[in-house]
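J.: sequence isn't available, so here's the structure alone:
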């Protein structure tokens, strides 16, 4: 139980952190070429994945009760590494990140992934706070990475200001909970709250404040305001990363945190969270309809998807949890695909306006077809992966009797279909302003093809994914 | 026979066609057309093969194929065919094959057109053969996206509006149907998506529950049929779609709604069906009469035929609401006949539009002099559509009304008004287009050519045969309907 013996359980994270420093120093000392840095990053991520898979099954209660290395955490850690691999691949040819800061970029990426991995295995409130702060600080830098671009700097600053406010609230909430229960450990807090009667208002105050800090990362109403501006301003690979990485990490830790006060939460707060979920879906979808910038549209669409996923969390139960994780996993795959197309497009056309996507089916039938598949999947139409995710969420809602959530979700699906098909309409039904050929660079192509195969494969045969999710829910704090 | 998975073959042959089309360069239009015709023909042959292996007298579902798909939620890949599904599968395969010939008038982006076309065919065939609700839903939705593109890219002046209106309208109905499916799954013991198990009578769902789920399914199916007041997407979609797609839309897609009632709503939720029967009859009569009146007011040829579809599908709903053996037979026969007749009508409109580039009824006149063969065929199908006895259109309408007469006397009497109006607007159309003085604009109009004739002759033959000897079709349909009737507690004929 000493720190030294526990170290072997966080070997994946240590590999990432060491690798990040290694890339940073190599970049400073040797002025390595851009692709070399990327390949190094991919290599380090793969080594980390190897250690991760090898070290399974793992232990509870590491580092004096700070971390718990269970299958739930392992599920998310594997996802994060794949997110890292995908983001590195799609950022290699992205023109707006300057050559000389590439090494730093990759090292930041590796650091933030290791931070997310620490966060999802945290079982102590202070560790959760540390994890959130670690992720946030790197995120602020990444958001502003496009030096010299006003929107990028604005994105970084907005993210920083908003995020700090939420973090402070969270810290205060943690202190309230500590004051009430005398412990920072999630399991002990749960035990304390189940066995002692405490004024629900005060406990709620503490919980709500911590929830605000975590909800900020998930970008749900009412702490979603930063999302569109940050997604629009940040360099697109960073946006792609934000839309799946910290969001999923936020969900993971939110789930752990809510279940710490389990009986209490579901008794008092489930309905409020249900209302928030409906608001999130509505605001995300309705605002997306009028967007003219593809990155802002995808930002609002991400907010809406967080709303759907939240339904799984609200209804609880085995089906609810399964549906949450299935939805998040599938959402991650689709979103990365969508952003990869946006990068491929903006590399050549240098625009993120939806108007400029007009006639893409004639200029690049390949990209248009891919984007259409991803958009149709995001809309939740069978036989694609997005439908499987939506199906599970609707099932969970109906099973637990939350009909109002199911009805709200289906109505929102139809609204979402409208703006996704708006983009498809522009690509297929309109004429392009000029006829140019758009090539997709090889690394980007790799991600696009992989996502395409996965979207069809999971849509037609989702069984392996569901098995994977069920396995991860076996042991969980 | 060879123990082939025949039903899967029928459904997925068009998909094989798509994979072949992928490799053909997009400028080789003749090759693309040839391959598409080949695969639609093979699909039609496969459907005939199904008939060979099909025992008409056996009411149960035959040629079943079942494989575990998503075992965690008890979803199976389950196909089966009975008389009810078969007549619609035959209709789909035949119309897809004939409309493929009519698709030769598509000149741009031919490759993408046929890829979407074949995908649409797979979706339609799968819907009629699926026996698992999840699989049914997947195939049902699969028809939406190709339709959007087919209307939106190759359609008329307001194609974008029509396409997205069709898509969102149908999607809304579908997602409520999905909620109904999930409700059935979680309420059933053991949890199952299997239509046969749910319809077996062992489930005993509560009345209130049945009513709500019936309403959810009703939304999905009624939008497709379409039942008033959910019909407003139909005129836009039909008018703006290219001719062959209008054929498939009217001929097949509308039947998916009617099929849904027979296969899913009525057997699984019999008490709710009886509860809502009167209201369905009321809506049916509105369809028949209102649809007819609006059709009469149209000046656009295609829109007139579109509203006539609304009116004809009203007879399907009337027979459905009647819940008598004769009524059911009439409803299903009307579905099949309407598919053939209205499919032919749209083909004829297409022939005229390709030559004249207008669908305005008042722009024509006296065409019988210049294009006598076309005129004869147009008159023939108009008579079939208005229900002239001796042609197939009469039988379905008559049986539906006969079945409904004792159950809903007044609504049936009112719907006869619809028949009179229908005769009115069809004859009016014939007069405007074919009779009267020749509009000199059309002095050089070309006669109907061999390819177009080829698409119409088979339909013509079927209309005559079923008009004179409808027993051929009724023998196929009735055994399957008896099972539904038994579920509803009605003695079969």
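T.: Happy to help now that I have it. All figures in this text were calculated on a predicted structure; none of them were measured in a lab.

J.: going forward, measure contacts and count neighbours with C-alpha atoms only.
T.: Noted.

J.: hmm, residue A:243 is touching residue A:302, no?
T.: Yes: the pair residue A:243 / residue A:302 is scored as a contact, 6.6 Å apart, by C-alpha atoms under 8 Å.

J.: count of neighbours near residue 217?
T.: Chain wasn't specified; assuming chain A. Per other C-alpha atoms under 10 Å in any protein chain shown, the neighbour tally for residue A:217 reads 26.

J.: could you do chain B instead?
T.: Residue neighbour count, defined by other C-alpha under 10 Å, stands at 25 for residue B:217.

J.: give me the nearest residue to it, chain neighbours excluded.
T.: With sequence-adjacent residues excluded and distances taken as C-alpha to C-alpha, 6 or more residues apart in numbering or on different chains, residue B:217 is closest to residue B:177, at 4.7 Å.

J.: who's in contact with the one you found?
T.: The neighbours of residue B:177, taking C-alpha atoms under 8 Å, 6 or more residues apart in numbering or on different chains as the test, are B:216-220.

J.: against residue A:235, how distant is the residue of the stretch 251-400 of chain A found nearest chain B?
T.: Using C-alpha to the nearest C-alpha, the single residue of the stretch 251-400 of chain A nearest to chain B is residue A:382, 5.4 Å away. When C-alpha to C-alpha, to the nearest Å is applied, the distance between residue A:382 and residue A:235 equals 32 Å.

J.: what about residue B:393, which helix or strand?
T.: With secondary structure defined by DSSP states H and E, residue B:393 is part of helix B:392-405.

J.: please apply the same query to residue A:471.
T.: In this structure, residue A:471 is located in helix A:463-472 according to DSSP H and E.

J.: what helices or strands is that helix leaning on?
T.: On a contact count with 3 or more C-alpha pairs under 8 Å, 6 or more residues apart in numbering or on different chains; DSSP states H and E, helix A:463-472 meets helix A:71-91, helix A:317-349.

J.: quick one: which of the ones you listed is nearest residue B:319?
T.: For the helices and strands packed on helix A:463-472, the distance to residue B:319 is smallest for helix A:317-349, at 41.4 Å, taking C-alpha to C-alpha.

J.: in the closest one, what's buried?
T.: Using 16 or more other C-alpha atoms under 10 Å in any protein chain shown as the test for burial, helix A:317-349 gives A:319-347.

J.: can you name the next helix or strand after that helix?
T.: In the C-terminal direction from helix A:317-349 (assignment by DSSP H and E), the next one is helix A:360-363.

J.: so how far is that next one off the chain centroid?
T.: 31 Å (C-alpha atoms, centre = their mean, to the nearest Å).

J.: so is it next to chain B?
T.: No: in terms of C-alpha under 8 Å from any C-alpha of the partner chain, no part of helix A:360-363 sits within range of chain B; the closest distance is 9.7 Å.

J.: low-confidence bits of the stretch 351-477 of chain A, can you list those?
T.: Using pLDDT under 70 as the threshold, the predicted model of the stretch 351-477 of chain A has low-confidence ranges A:475-477.

J.: and it, which of its residues are near chain B?
T.: Proximity of the stretch 351-477 of chain A to chain B, by C-alpha under 8 Å from any C-alpha, involves residues A:381-383, A:394-395, A:398-399, A:406-407, A:410-411, A:414, A:417-418, A:421, A:425, A:428-429, A:461-463, A:466.

J.: residues near residue 73, how many?
T.: The chain I'm using is chain A. 26.

J.: my bad, chain B
T.: Neighbours of residue B:73 under the rule other C-alpha under 10 Å: 14.

J.: contacting residues for it?
T.: Applying C-alpha under 8 Å, 6+ apart, we find residue B:73 in contact with residue B:192.

J.: pLDDT at it, what is it?
T.: With respect to pLDDT, residue B:73 has a value of 87.

J.: ditto for the one 3 residues further on
T.: Listed pLDDT for residue B:76 reads 91.

J.: before we move on, what about residue B:48?
T.: Per-residue confidence for residue B:48 comes out at a pLDDT of 92.

J.: the strand or helix carrying it packs against which elements?
T.: Take DSSP H and E as the rule and residue B:48 turns out to sit in helix B:29-52. The elements that helix B:29-52 packs onto, with contact taken as 3+ C-alpha pairs under 8 Å, 6+ apart, are helix B:6-22, helix B:83-102, helix B:110-129.

J.: which one of these lies nearest to chain A?
T.: Counting by C-alpha to the nearest C-alpha, chain A lies closest to helix B:110-129 out of these; the figure is 10.2 Å.

J.: run a quick neighbour tally on residue A:197.
T.: Neighbouring residues of residue A:197 were enumerated by other C-alpha under 10 Å; the total is 8.

J.: what's the spacing between it and residue A:109?
T.: Shown here: residue A:197 relative to residue A:109, a distance of 44 Å by C-alpha to C-alpha.

J.: give me the helix or strand of the chain that scores worst on average pLDDT.
T.: Looking at chain A here, since you left the chain open. Taking all helices and strands of chain A together, the one with the lowest average confidence (mean pLDDT, DSSP states H and E) is helix A:262-268, at a mean of 65.

J.: um, chain B though
T.: Ranking every helix and strand in chain B by mean pLDDT, DSSP H and E puts helix B:367-370 at the bottom, with a mean of 86.
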